[in-house]
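Peer 1: Structure for this input, please:
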Amino acid sequence: MNRVPVTKFNRHHNDQFNEFLKKLELQAIETAEERIPLYLRCGIKDADHILDVGCGSGIITRELALLTRGKVTAVDNSYDMIKVAKKFLKNVKNIHLQVGDGEKLPFEDNTFDIVTCNLVLMWSHQPQQIVKEMTRVTKTGGLVLASLEPDYGGKLHYPENQKIDPIFAGKAIQDKGGDPHIGRKLRCLFVQAGLNTEVGIGNNRIWSCEEDKAYYLHARDFYVKALENAGLNQKEIDEWEFSYLQSLDEGIQLNFFPQFYAIGKKP
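Peer 2: Take a look at the predicted model:
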């Protein structure tokens with residue numbers, strides 16, 4: 001599940017904003033089984049102060065807060081998102097929310113025990129700067145965690161569709177300004193920030209066709225919109241959808257693309 005790019009919305013874009021929030025919720029549900037073991041490995045339970053960079057609507061921030069005895073500070077560069085997060089997290093006592101730019105974090109050096117981000121680097125114009133800033137505000141001996149950054153270049157899909165597959169294998173991400181190959185760059189980004197780095201793939205389980213179908217039906221609007229944005233007409237979309245759902249019902253469909261994590265220790 002990919003955190004989509006942060007956008008400023010106004011009253012005339014309520015429908016778009018609500019779709020964006022729905023996407024964030026779907027992403028959080030889909031990837032929880034990958035993130036939580038990483039948080040526990042990093043010692044979040046006993047950390048005193050954690051920073052969540054690019055917190056969005058606060059769904060994942062709540063996850064962090066419920067896993068720790070410490071304090072969680074969360075920043076996002078969208079004022080609208082912070083407003084949503086404050087409302088969503090109003091009953092969670094150990095969270096502080098504020099507007100903040102990941103490329104220039106508003107904190108002193110060596111402030112946090114753990115600094116984390118989730119599906120943020122893929123949408124950043126300067127991912128190296130974000131990792132450097134995350135490292136700067138981490139205490140010596142503390143940890144920097146990118147809990148999930150996908151790499152669509154490694155996507156596996158069968159049965160294949162020569163016209164549709166490239167759209168979902170990175171083109172839709174590129175068209176929105178993201179980097180569909182950010183996963184393979186995590187080691188380089190972390191090492192160049194001066195971190196002792198471990199990288200891995202968090203999603204080792206391949207979903208069943210039943211799980212894939214349930215996710216598709218829940219997220220259908222986003223798939224259809226991506227195809228429309230790529231220039232497909234309704235007939236082409238309908239034909240693809242029929243074939244895709246048929247392969248799921250037959251139990252032969254397979255989808256997988258690697259979602260990387262990186263854990264860096266500040267020396």
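Peer 1: could you pull out the helices for the stretch 1-150 of the chain?
Peer 2: Under the criterion DSSP state H, counting those that start in this stretch, helices of the stretch 1-150 of the chain are mapped to 14-41, 59-67, 79-88, 127-136.
Peer 1: Quick one: mean pLDDT over the last one.
Peer 2: What it means is helix 127-136. Here helix 127-136 scores 98 as its mean pLDDT.
Peer 1: In three-state terms, label Gly194 for me.
Peer 2: The three-state label given to Gly194 by DSSP: H, G, I helix; E, B strand; the rest coil is coil.
Peer 1: Quick check, pLDDT for it.
Peer 2: pLDDT at Gly194 comes out at 98.
Peer 1: So it sits against Thr140, correct?
Peer 2: No. In this structure Gly194 lies outside contact range of Thr140 using CB atoms under 8 Å: 11.1 Å. Placement of C-beta: from N, CA and C, glycine included.
Peer 1: Tell me which of these two has more neighbours.
Peer 2: Using other CB atoms under 10 Å, the more surrounded residue of Gly194 and Thr140 is Gly194, with 15 against 9.
Peer 1: show me the contacts for the residue lying closest to the more buried one once chain neighbours are set aside.
Peer 2: In this structure, Gly194 finds its nearest non-sequential neighbour in Thr135, 6.1 Å apart by CB to CB, 6 or more residues apart in numbering. Contacts of Thr135 were listed using CB atoms under 8 Å, 6 or more residues apart in numbering, and they are Val115, Val144, Ala193, Gly194, Leu195, Gly264, Lys266.
Peer 1: Quote the end-to-end distance of stretch 214-234.
Peer 2: This stretch, stretch 214-234, spans 22 Å end to end (CA to CA, to the nearest Å).
Peer 1: what sits up against that stretch?
Peer 2: 19, 23, 26, 30, 164, 167-168, 171-172, 175, 207, 236-237, 240-241, 244-245, 248.
Peer 1: what about Gln162, distance to His181?
Peer 2: 21 Å (CB to CB, to the nearest Å).
Peer 1: Look at those two and report which has more neighbours.
Peer 2: Between Gln162 and His181, counting by other CB under 10 Å, His181 is the more crowded of the two (17 against 6).
Peer 1: Give the phi and psi angles for the more buried one, as a check.
Peer 2: Torsion angles at His181 (phi, psi; degrees, to the nearest 10) stand at phi -110, psi 20.
Peer 1: Great, nothing more from me.
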